[in-house]
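Asks: dropping the sequence and predicted coords here.
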Amino acid sequence: MIPITISLAHFCDKHGPISILVTQSNEDKDENSKGDTLLAPNYPTDSFCASCLLEFPNDGVNDVRSMRSIINNRAYVTTQYSTVRYQLLNSIIKKCFSEETMVYDTSSFVFFDSMRGLNLVMGFKLYDENARGNERRYCFILSIDSSDNEKAMSILSKHWDFIISGFHKMIDFIKQSHDKTISSNHKDDTNSSSFTPIVGNYLRSNKSKFGRSLADLTNDKSLFIRMHKWNSYLLSSLTSRRD
Amino acid sequence: MLGTLLRKTNAASDSNTATPTAATTANHPISHFPGVPTNSNATTLTTKTDALFKSSNQFNSRNFAISSLILENISDELKYKLFGTKYLAFTEDSCAKYCFRVLIAEETGQIACKNHYRFSLDYSYPQQNSGNLMKIRQNELKQYIFGSLVPSMSNLQNDKFRSIPNSKFIIITRIFHANQGSNGISSKNRFAISLCIPNFLTPVIAEAWSFINIWLDQSQNVISSQLNFLIKRNQQGGILPMDYGTSCYSKDIDKIIFSLTKNLLPCLRSFVELPRLILYPNTYSNFIDTWFKDCFNWIEIKDGPKLIFLQTLIALILFDYNNALINPTVTTRIIVLSGNSVVANKLIFILNGLLKPKFHGNIANFVKVVDNEVNRSDDYENNVDSLLGLDEPHIIKPFEKAKTMPIIKRNVSHTVGKGWEIPKKTSSSYGSVSVSSGESSAEVIQPSSFKSNNNSLHYLSSSLSSSQAGSYGSWFNKRPSLLQFSPSTKLSHNNDSWEKISSSANHNVHRTSSSASLHQSYLRPNDRVTPQHSPAISEYDEYPWFNTPESLKIDSTLASTATTTTTTTTATSRQISEKFSLQNIEIGRNCQRISQSKIIDDVFDSICKPGESLIGDGCKNNKFTRSTSSKAAVLEIVQVDKGNHCTELLPRYTTYLPQFNNWFKLQGNPITIDSEATIVNSMKKDLENEFFTRSLIVSLRKREIKEIIIKRDVDKTNLFKQKVHKVFSNGKFGNISIKLIDFINFINNSLKRARTLYEDEELSVLERDNALMSIFLSMIHYCDE
């Protein structure tokens, strides 16, 4: 089975291209390990800003760094970064945001080379007045880690509609949640300070801007869990289909 | 974004001016805006290239099959069988003009300079009407081709494709570096070959990537062959000449454009436009029921009890081709040659039922049960139409513009909803009369049930060869008088609807392609026609039902000619044809793949539960695994496999096509003088990239099954070894293995066993379905053991 990962990457104002979330499954040879090799160690979160950090629910457990689901005896693990493909995914994310001309209109962009394998990228952005340019930029990346272009393309070809629709579904959900949050905040602002003139901070210096988590932007504390579950479903479907 | 704004401005400013195409580029720079690098020297193409292109412009050929037009000529019932639905979504754009733009560019590595890139070729087609494509400025395309100004440190070859924002086009790009020359001099410059095409082709890009890769390799080789020489001259700045498409390099561009238009674009168009067959799962009882019925009908009507043509074909495909067709490394094809599209499609359905990969997913979830009602209402409407306006002309959509065929319903008083149903009314007037002449002026008179009936005795018998007269089986003996079906005069005997229709105003006989001699020997022995003629779908389309008041009449007319009548066969044929099992499936699909949107929508709600909290009290099933020395704590999330995903990409098996298409593995084609030669030539082209290829040619006219195998000698690359193996010819087997003969016998016995199940009136439908499924699976998996 060719390894496939789904990542959510972000162009952070402070840290540049960075991964927020990576979902991957254990390989065939590690079938009994329940994806233990994919689990993250207890790293310090201080170095991550709010917009970069993958937030985990902590019901009394403070050092959660991984989410795991078992589907059909295969483990699907979501972490902040990939423990087994760290450099590869960093290289892919840098290429997406820095080397290529990214477009954030949820159109698809596919690239392949023998080092990075085949990658399908779908960019989107959210309005945030506290971000540089008033926009926070993200992209979902499906990476097929294979140096065989034709085999990787064959996977993409068989599931093109499924992958594209799957990414669109999550992006639409995020955007809708974000729109609701904005309109809700706008109502609150209008009710609480109806006499205060609205002053934008577009021209403010970047120092006055600060990072905000995607969960905060969408006002959905369960967002990363939803993403993990959705990515796991997509990956399990891609790997279990017999066609 | 700047490019988008400029493009809009450019569009406005160019509205009254000629579109800047490659031909005008040399004299009229593409960009007229300050600060934007102009490429006034970007090359123009030679007239030779244009001539080459026009001669090879297959993808815009008028003969190229359009899926919507192919489907016009397939009845609804057959559409259910072949495609799983009678509604195939079409991309409107697919009917639009195919335009493209080829660019060869070079990045010089001089980041500080605004001219750090340059285009050596910018060619578009069509040059007159590709305005929207040519309005995308080179400066914008450069960003998608080379990316940002941040230089890439790796020298890796890089392929990519992406949509061009605010346009309806995508761009496919290969970035490569020049190989080190023989003198040791190399260059850091990056070179790019780019192709812009309409974005409705995006879903087929990944599937066609191997062919795109071939074109990119060819183009890269062409350019690289010059680079080693050019690097010596220009070690600084640009290496490729700005006039790359002219002067001494014009042949290079000719090769690139010719290969694109001859090979790649027709391939992409085939992938996106030709409707693909659905492969029902082996566990779908309605499919198995229909499949067996079609086999029985074929054997009874086409082959007869002695000629085991169909059994041989089924056995051979299961024995030798079922797995080979899904092997991506070897090109294997099955081609059904017939003059009659309906007959070919019936056989294609039978063969398709054996092939892999089957539809994966729970198809029962998608069955639209009410569709039978829809069909009934359609039939009712047809009937009402026929009663109200018997002589009113009914226009159907033309298959090709030049071959418009006004259809006239006439004297149709029988109501047969489907080919499998018994006529509800009795009438001696079958009105299956058609007149056709020439092309656009052709008129075809047809029965009202034209659209929904295709279980045609005539179609099924149309490709019978007169040499097979002894093998027509029970049908031939029971064949009703064709005069009964055409009482009123004119009769059509046109070819397939995409073939030229000839006039036959005074003929009273259905003349079918290969059965023409048969029919005429019965009715008009002196009137010989060429065997190329075959009935179109507009001809009489009903099964000669027996044991109905009308069939009794037919039987009586046959009494003098019929020598033997197998009553059991008649009863069975009636019984097994009473019901049409396959129903419309409510899966959204286009020609290429089954839509996943609905599945995604349903699953997303159940998995992600929008609006609900998945933490804290919202999801108590989730547990935490405590941290260890090496791993942090883990949130264990319970997730059930939804498992309701289904097959998306359909295999490249298609229906009857007017021309051979070498990218499809199963298809039907008309019989022409050079049918086999075309296939063999195509196989030889396969060997440019492979070492072995084979095709199974099923000729319905000759009742012949032939296998052609061509190998390329590994040592002597230009030497082909061709072998033709006749598996079945003139009712006899060729040189085949004992194992295959055993398997043929097994298939024959299995079909007989299945037939007895239909004759057993004590069996319930469920018991029969289970028994049929068991037989079917035993046939399918016989070779797996």
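Replies: Noted; the coordinates are in hand. Numbers count the residues shown, from 1 in each chain, chains lettered A, B, ... in the order given.
Asks: and residue 161, how many neighbours?
Replies: I'll assume chain A. 20 (other Cβ atoms under 10 Å in any protein chain shown). All C-beta spots, glycine's among them, are computed from the backbone N, C-alpha and C.
Asks: please go with chain B instead
Replies: 24.
Asks: so what's it bridging to?
Replies: B:Phe161 has these beta-bridge partners by DSSP bridges: A:Val110, B:Ile172.
Asks: the residue found closest to B:Gly353 once you drop the neighbours it is linked to in the chain: neighbouring residues, count only.
Replies: If the residues on either side of it in the chain are set aside, B:Gly353 comes closest to B:Trp291, at 4.5 Å by Cβ to Cβ, 6 or more residues apart in numbering or on different chains. When neighbours are defined as other Cβ under 10 Å, B:Trp291 has 23 of them.
Asks: does stretch B:102-121 come close to chain A?
Replies: No - between stretch B:102-121 and chain A, judged by Cβ under 8 Å from any Cβ of the partner chain, nothing touches; the nearest distance is 12.4 Å.
Asks: mind giving me the domain split of chain B?
Replies: Chain B resolves into domains spanning B:100-273, B:285-362+B:648-782 when parsed by the TED database.
Asks: I'd say the residue nearest to B:Gly353 and B:Leu351 touch.
Replies: No - at 10.3 Å, B:Trp291 does not count as touching B:Leu351 under the criterion of Cβ atoms under 8 Å.
Asks: could I get the full set of strands for chain A?
Replies: A:4-12, A:16-25, A:64-71, A:74-79, A:105-113, A:117-127, A:135-144 (DSSP state E).
Asks: the one helix or strand B:Asn770 maps to: which residues count as buried?
Replies: Assigned by DSSP states H and E, B:Asn770 belongs to helix B:765-780. For helix B:765-780, the neighbour count (16 or more other Cβ atoms under 10 Å in any protein chain shown) marks B:Arg768, B:Asp769, B:Ala771, B:Leu772, B:Met773, B:Ile775, B:Phe776, B:Met779, B:Ile780 as buried.
Asks: one more: stretch B:669-686?
Replies: For stretch B:669-686, by 16+ other Cβ under 10 Å, it's B:Asn669, B:Pro670, B:Ile671, B:Ser675, B:Glu676, B:Thr678, B:Ile679, B:Val680, B:Ser682, B:Met683, B:Asp686.
Asks: one step back: which of the buried residues of helix B:765-780 sits closest to B:Asp159?
Replies: Taking Cβ to Cβ as the measure, B:Asp159 lies nearest B:Ile780 of the buried residues of helix B:765-780, at 39.0 Å.
Asks: so what does the residue nearest to that closest one when sequence neighbours are not counted look like in phi/psi?
Replies: Closest residue to B:Ile780 apart from its sequence neighbours, by Cβ to Cβ, 6+ apart: B:Asn282 at 6.1 Å. Dihedral pair for B:Asn282: phi -70, psi -20, per degrees, to the nearest 10.
Asks: so who does B:Asn282 touch?
Replies: B:Asn282 is in contact with B:Ile288, B:Lys358, B:Met773, B:Phe776, B:Leu777, B:Ile780, counting by Cβ atoms under 8 Å, 6 or more residues apart in numbering or on different chains.
Asks: ok, now how distant is it from chain A?
Replies: Remark: distance between B:Asn282 and chain A (Cβ to the nearest Cβ, to the nearest Å) = 13 Å.
Asks: again, but for B:Glu704
Replies: Counting by Cβ to the nearest Cβ, the gap from B:Glu704 to chain A is 33 Å.
Asks: now for chain A, the helix or strand with the poorest mean pLDDT.
Replies: helix A:160-192 (a mean of 88; mean pLDDT, DSSP states H and E).
Asks: and the helices in the stretch 151-300 of chain B?
Replies: Under the criterion DSSP state H, counting those that start in this stretch, the stretch 151-300 of chain B contains helices at B:202-205, B:209-233, B:250-259, B:265-273, B:285-297.
Asks: quick one, what contacts the residue nearest to B:Ser595 when sequence neighbours are not counted?
Replies: Spatial nearest neighbour of B:Ser595, excluding adjacent residues (Cβ to Cβ, 6+ apart): B:Gly588 at 3.8 Å. Neighbouring residues of B:Gly588 by Cβ under 8 Å, 6+ apart: B:Ala89, B:Ile594, B:Ser595, B:Ser597, B:Lys598.
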